[in-house]
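A.B. asks: would you be able to build a 3D model of this:
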Amino acid sequence: MSMEKIPNHLAIIIDGNRRWAKKNGLSSFQGHKKGLDNVQKIGDYCIKKGIKILTLYVFSSENWNRSKKEVAYLMRLFVLALSKKNIEKFNRDKIKFQAIGQIERLPKSLQNKIRQAEESTKNNKKGIINLAISYGGRPEIIQAIKKIIQKKIPASKINEEIINQNLWTFGMPYPDFIIRTGGEQRLSNFLTWQTAYSELYFTKKYWPEFSNKDIDKALEDYSNRERRFGK
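C.D. replies: Okay, here's the model as predicted:
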């Protein structure tokens, strides 16, 4: 399927793993595992479509409030996702891996995997997979303000670019297009600063059942929009 316009930066709010599992008579853990399997499939497809940056919202700062058992399982899944085999695949595909969020809150084993993946793939140029993990838009803005204060930047010098330079997403363009699966129609503290002019797309499909055809459908919708940025 040929698209007239492909977003440079696509961000996806991954939602619906547990509801998909319940609908199919499975445990929430099985839903999360199926959701993680879909991350790789959709990620590969997006890069093939010509999307240069893909940001995936996989674990929010609010998700820490879930049961300890569920959080521990998710952390183990994330460690598995950053296996040596998968990092080697990033390098074969020339994909740079990055993570944004309160990384210091993650288990040490996962922090180490993230650092290894980032270091190993840092010179890859074909595309970027950006994992928003332990991420919240408001915490990101708060830490940016703290960094600006620590740098003793005068209030008269603070502008949009200064704030951009102190966000976790520094160096990346704003997302052009946001997709949220699972039927909810809100951003849920995702890229609060960066999404001011992003195009939004909501689908009732749960993440584990979200397919390449669904990506095509969303991109066709995006292609038919006119972005005016207030002009």
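A.B. asks: what about the closest residue to residue 175 other than its chain neighbours, which helix or strand?
C.D. replies: Spatially, and ignoring its direct neighbours in sequence, residue 175 is nearest to residue 11 (4.1 Å; C-beta to C-beta, 6 or more residues apart in numbering). To be clear about C-beta, it is placed using only N, CA and C from the backbone, and glycine gets the same treatment. Element membership of residue 11, judged by DSSP states H and E, is strand 9-13.
A.B. asks: list the neighbouring strands of that strand plus their orientation.
C.D. replies: Strand 9-13 has the following sheet partners, assigned by DSSP bridges: strand 53-60 (parallel), strand 177-180 (parallel).
A.B. asks: okay, those in a markdown table with distance to residue 193, mean pLDDT and mean neighbour count next?
C.D. replies: Shown next, in a markdown table, are those (distance: least, C-beta to C-beta, whole Å; pLDDT from 0 to 100; neighbours: other C-beta atoms under 10 Å):
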| stretch | distance to residue 193 | mean pLDDT | mean neighbour count |
| --- | --- | --- | --- |
| strand 53-60 | 13 | 98 | 23 |
| strand 177-180 | 13 | 98 | 24 |
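A.B. asks: tell me how far residue 91 lies from residue 76.
C.D. replies: Using C-beta to C-beta, to the nearest Å, one gets 24 Å for the distance from residue 91 to residue 76.
A.B. asks: whoops, residue 34 was the one
C.D. replies: Residue 34 is 15 Å from residue 76, by C-beta to C-beta.
A.B. asks: ok, which stretches of the chain are strands?
C.D. replies: Using DSSP state E, the strands of the chain run over 9-13, 53-60, 95-100, 127-135, 177-180, 199-202.
A.B. asks: quick one, which of the ones you listed is nearest to residue 118?
C.D. replies: strand 95-100 (6.0 Å; C-beta to C-beta).
A.B. asks: quick check: which ranges of the chain have low pLDDT?
C.D. replies: Low-confidence segments of the chain (pLDDT under 70): 1-3, 231.
A.B. asks: across the sheet, point out what pairs with residue 178.
C.D. replies: With DSSP bridges as the rule, residue 178 is bridged to residue 11, residue 200.
A.B. asks: my read: it touches residue 187, true?
C.D. replies: Yes - look at residue 178 against residue 187 with C-beta atoms under 8 Å: they come within range, at 7.2 Å.
A.B. asks: intersection of neighbour lists for these two?
C.D. replies: Shared contacts of residue 178 and residue 187 (C-beta atoms under 8 Å, 6 or more residues apart in numbering): 13, 195, 200.
A.B. asks: which among those residues count as buried?
C.D. replies: Neighbour counting by 16 or more other C-beta atoms under 10 Å classes 13, 195 among the shared contacts of residue 178 and residue 187 as buried.
A.B. asks: mind listing residues that contact the strand holding residue 11?
C.D. replies: Applying C-beta under 8 Å, 6+ apart, the external contacts of strand 9-13 come out as 42, 46, 51-57, 172-181, 187-188, 190-191, 195, 198.
A.B. asks: and if we set it to 7 Å?
C.D. replies: Strand 9-13 has contacts (C-beta atoms under 7 Å, 6 or more residues apart in numbering) with 46, 51-57, 172-180, 188, 190-191.
A.B. asks: before we move on, the earlier item: who has more neighbours, residue 34 and residue 76?
C.D. replies: Higher neighbour count among residue 34 and residue 76: residue 34, with 18 against 14, using other C-beta atoms under 10 Å.
A.B. asks: tell me how far the ends of stretch 116-128 are from each other?
C.D. replies: 16 Å (C-alpha to C-alpha, to the nearest Å).
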